[in-house]
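Novice: need coordinates for the below:
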Amino acid sequence: MPVEHKEILEAIRTGDGDAARIVSDNHVKKLKEFVVNEGESAFRSRSNNSE
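Specialist: Okay, here's the model as predicted:
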């Protein structure tokens, strides 16, 4: 299980909704950035291979 998931669960278990939201928002932001960067990388790779 990713560290972020453990941190979210721990915050929920302790009743700290604010911390759970902050950690989950940061986790989603990282995932979005990863998907965008990987998509751009794959697109560039595909474009370079077609030339």
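Novice: can you read off the pLDDT for residue 27?
Specialist: Model confidence at residue 27, given as pLDDT, is 95.
Novice: against which helices or strands is the host helix or strand of it packed?
Specialist: According to DSSP states H and E, residue 27 maps onto helix 17-49. Helices and strands touching helix 17-49, as assessed by 3 or more Cβ pairs under 8 Å, 6 or more residues apart in numbering; DSSP states H and E, comprise helix 3-13. (Each C-beta comes from the backbone N, C-alpha and C, glycine too.)
Novice: which secondary structure elements does the helix it packs on contact?
Specialist: Packed next to helix 3-13, using 3+ Cβ pairs under 8 Å, 6+ apart, are helix 17-49.
Novice: and the helix it packs on with helix 3-13, angle?
Specialist: 160 degrees (axes from the mean of the first three to the mean of the last three Cα atoms, to 10 degrees).
Novice: can you give me the buried ones in helix 17-49?
Specialist: 20, 23, 24, 27 (16 or more other Cβ atoms under 10 Å).
Novice: once you drop chain neighbours, what's closest to the last one?
Specialist: In this case it means residue 27. Once flanking residues are discounted, residue 27 sits nearest to residue 4: 4.0 Å by Cβ to Cβ, 6 or more residues apart in numbering.
Novice: how far away is the residue nearest to the spatial centre of the chain from residue 18?
Specialist: Taking Cα atoms, centre = their mean, the centroid of the chain lies closest to residue 31, which sits 2.1 Å from it. Separation of residue 31 from residue 18 (Cβ to Cβ, to the nearest Å) stands at 21 Å.
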